[in-house]
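quick one: sequence and predicted model below, then my questions.
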Amino acid sequence: MNQSGAQTRAPEHLDTLRCRICHTVTAAGPYHVCEECFGPLEVVYDLEGLRGTLTREKIAGRPTDLWRYRELLPTAEEPSRGKGVGWTPLLPAPRLGNALGIQDLWIKVDSSNHPTQSFKDRVVAVALQRAKEFGINVVGCASTGNLANSVAAQAATAGLSAWIFIPEDLEEEKIIATGVHGVRLVRIKGVYDDVNRLCAEVADRFDWGIVNVNLRAYYAEGSKTMGFEIAEQLGWTIPANIVAPMAGGSLITKLRKAFKELAAVGLVREGPEPRFFGAQATGCAPIISALESGADRITPIREPVTIARSLAIGNPADGTFAVATMRETGGWGTAVSDPEIVEGMRLLATLEGVFTETAGGVAVASAAKLSKEGRIAKQGPTVLCITGNGLKTKEAARSTFELGESIEPRLSEVERLADSAAQQRL
Amino acid sequence: MSVTVRVPSALRKLTSGQSELTAEGNTVRELLDDLGRENPGLLERIMGADGDIQQFLNVFVNGSDIRYEDDLDTEVSAGDEVSIVPSIAGGGVIEQ
């Protein structure tokens, strides 16, 4: 397939992709780069045409997965992939809110997403649906772990071959949760950015659908569904503040797009945008560095050093757009240290009963810091995006509690422990 | 000396469809200049108006981004792998 001769069965508005930079329009296909300026390509929707036809009632009558918003997703046919993905809980988090000093705090719990317990299930569902429409039978990804899990699982559901490229030193939990699905796992001697660069060349060489490379224009659209759900779950209103972790910077950018589109089609009332707050780890914070310094370019981090491995992208693909999202909406961002990340995980687990991975710890710890600095406005709901599950990075949580002694199976032993605990409380 | 340079599909209209080209030079800049002489229009597409590589293109020598080396003055020798790879999504200038 070449860029000028792409064929698709998409309805008219999905027949094309538009460059986000120079606005050149090209035929839709598995391409991510504008041939004129090399800028990223984006899906074009007929939002005006959806006004009045895509209603709250119509959406309410649909199954509770991300395809309930299908008109705002790049699918040309009745979706057959990604069933049951999305529609994760949005829960009030008053105890955490109290600890962080944030009134009306909510958590969007993508750590319970289907099928692989991270927000990446959303982007993969959309990418694989589009891959089907393009007749692509081999898919793949460059991944720090969560994406690998999701491509592997959803490729298995769809009966596709999958080539999964990961840094060789990834957490074992993420390697196992990928390999178990029967995919071709390719471990690369290097950091994520080496894997990413290689996959850019792989996508160019083979007729494969690398979801976060040549299917990226479609893949990234899946992130919007987290925003659509937040609005619907808040009774079709838009939150005042959103705090989200940033790796490549795509999620925060697409959440903003989601709320804009909902307003454009009339599903929510036109009004102020949410303020977006981005969170990174200090060991890999190229987006925050650009935000804080006012730089107009992202300076890549060559060798990230952080326990938040899923955020360890030194050369963030959407970094510049993420900075613009934070600046233009009146939000801000911050970076947190490894001990702060672990404390963030502990707070969420002990106060709200949600065991998140390190990336979630980054979001919680950053929200705490931003709240303390007075950056997060007090009025209106604040939504904290919990993007991954703690069982995938369980070692990071090991230091948050003491295992205690083993005892004989006797009641007297428990009485002794209870007495000791009572003494400690005094 | 002669070095092989891989070009992305987005540039192949200017290379008669070839994905690998051979160029002469001791630095990345010299290689690109040589490619430009052999393939009219190619150099103008690779380089931005500021004389640097286009904001959405990256050049790698043996897998290492030349921004981490000496940029266009990064030295190359025979047998090196040089790749021109479009950025995935952003990586460019922040729109003010």
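It's in. Numbers count the residues shown, from 1 in each chain, chains lettered A, B, ... in the order given.

hey, let's count contacts and neighbours off CA atoms from now on
Noted.

adjacent strands (with direction) for the helix-or-strand element of chain B with minimal mean pLDDT?
Across the helices and strands of chain B, mean pLDDT, DSSP states H and E gives its lowest value to strand B:64-65, namely a mean of 90. Using DSSP bridges, the strands paired with strand B:64-65 are strand B:57-61 (antiparallel).

quick one: mean pLDDT over the partner strand.
The average pLDDT within strand B:57-61 is 94.

which residues sit against that strand?
Applying CA atoms under 8 Å, 6 or more residues apart in numbering or on different chains, the external contacts of strand B:57-61 come out as A:38, B:46, B:65-66, B:76, B:80-87.

check stretch A:404-417 too.
Applying CA under 8 Å, 6+ apart, stretch A:404-417 turns out to have no external contacts.

look at it and report the distance between its end residues.
10 Å (CA to CA, to the nearest Å).

what does the stretch 251-400 of chain A put close to chain B?
Proximity of the stretch 251-400 of chain A to chain B, by CA under 8 Å from any CA of the partner chain, involves residues A:296-298, A:302, A:315-321, A:323-324.

repeat the analysis, applying 6 Å as the threshold.
The stretch 251-400 of chain A comes close to chain B at residues A:Asp296, A:Arg297, A:Ala317, A:Asp318, A:Thr320, as judged by CA under 6 Å from any CA of the partner chain.

now those residues as TSV including pLDDT?
Supplementary listing: these in TSV, determined by pLDDT from 0 to 100:
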residue	pLDDT
A:Asp296	83
A:Arg297	84
A:Ala317	86
A:Asp318	91
A:Thr320	90
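
of those, which is the most crowded?
When neighbours are counted by other CA atoms under 10 Å in any protein chain shown, A:Thr320 leads these with 28 neighbours.

how about the helices in the stretch 51-200 of chain A?
Counting by DSSP state H, counting those that start in this stretch, one finds helices in the stretch 51-200 of chain A at the ranges A:56-60, A:94-100, A:120-133, A:146-158, A:172-179, A:192-205.

next, the distance between the ends of stretch A:178-196.
End-to-end distance for stretch A:178-196, by CA to CA: 18 Å.

give me the low-pLDDT residue ranges for the chain?
Looking at chain A here, since you left the chain open. For chain A, the stretches flagged by pLDDT under 70 are A:1-13.

wrong chain, I was asking about chain B
Scanning chain B for pLDDT under 70 picks out B:89-96.

and stretch B:71-88, what's buried?
Of all the residues in stretch B:71-88, those buried under the rule 16 or more other CA atoms under 10 Å in any protein chain shown are B:71-72, B:74-76, B:81-88.

turn the residues you listed into a markdown table, including secondary structure and distance to chain A.
Below are these laid out as a markdown table (DSSP: H, G, I helix; E, B strand; the rest coil; distance: CA to the nearest CA, whole Å):
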| residue | secondary structure | distance to chain A |
| --- | --- | --- |
| B:Asp71 | helix | 14 |
| B:Leu72 | helix | 17 |
| B:Thr74 | coil | 17 |
| B:Glu75 | strand | 19 |
| B:Val76 | coil | 19 |
| B:Glu81 | strand | 12 |
| B:Val82 | strand | 12 |
| B:Ser83 | strand | 9 |
| B:Ile84 | strand | 9 |
| B:Val85 | strand | 7 |
| B:Pro86 | strand | 6 |
| B:Ser87 | coil | 7 |
| B:Ile88 | coil | 5 |
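
and those residues, which is closest to A:Leu90?
B:Ile88 (31.1 Å; CA to CA).

return the member of the contacts of strand B:57-61 nearest to A:Gly82.
Nearest to A:Gly82 among these is B:Ser87, at 27.7 Å by CA to CA.

list the contacts for the residue nearest to the closest one when sequence neighbours are not counted?
What sits nearest to B:Ser87 in space, not counting adjacent residues and going by CA to CA, 6 or more residues apart in numbering or on different chains, is B:Phe56, at 5.1 Å. By CA atoms under 6 Å, 6 or more residues apart in numbering or on different chains, B:Phe56 lies in contact with A:Phe38, A:Gly39, B:Pro86, B:Ser87, B:Gly92.

for burial, what's the neighbour tally of A:Arg410?
Neighbour count for A:Arg410, taken as other CA under 10 Å: 8.

downstream neighbour of the helix or strand containing A:Ile341 in the secondary structure list?
Here A:Ile341, judged by DSSP states H and E, is contained in helix A:338-352. Counting by DSSP H and E, the next helix or strand C-terminal to helix A:338-352 is helix A:358-372.

report all helices and strands that the helix or strand following that following helix contacts.
On the C-terminal side of helix A:358-372, the closest following helix or strand by DSSP H and E is strand A:382-386. Judged by 3 or more CA pairs under 6 Å, 6 or more residues apart in numbering or on different chains; DSSP states H and E, strand A:382-386 is in contact with strand A:105-109, strand A:241-245.

do that again at 8 Å, thanks
strand A:105-109, strand A:241-245, helix A:358-372 (3 or more CA pairs under 8 Å, 6 or more residues apart in numbering or on different chains; DSSP states H and E).

just to revisit the earlier point, need phi/psi at the residue nearest to B:Ser87.
phi -100, psi 10 (degrees, to the nearest 10).

relative to A:Asp46, which of the buried residues of stretch B:71-88 is nearest.
B:Ile88 (25.4 Å).

now the phi/psi pair for the nearest residue to that closest one once chain neighbours are set aside, please.
Counting by CA to CA, 6+ apart, A:Ala317 is the residue found nearest to B:Ile88 once chain neighbours are left out, at 5.5 Å. Dihedral pair for A:Ala317: phi -60, psi -40, per degrees, to the nearest 10.

need the residues that contact the least confident helix or strand of chain B.
Strand B:64-65 is touched from outside by B:Asn58, B:Val59, with contacts defined as CA under 8 Å, 6+ apart.

columns distance to A:Asn196 on top of the contacts of B:Phe56, output as CSV?
Converted to CSV, the contacts of B:Phe56 look like this (distance: CA to CA, whole Å):
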residue, distance to A:Asn196
A:Phe38, 17
A:Gly39, 17
B:Pro86, 11
B:Ser87, 10
B:Gly92, 17
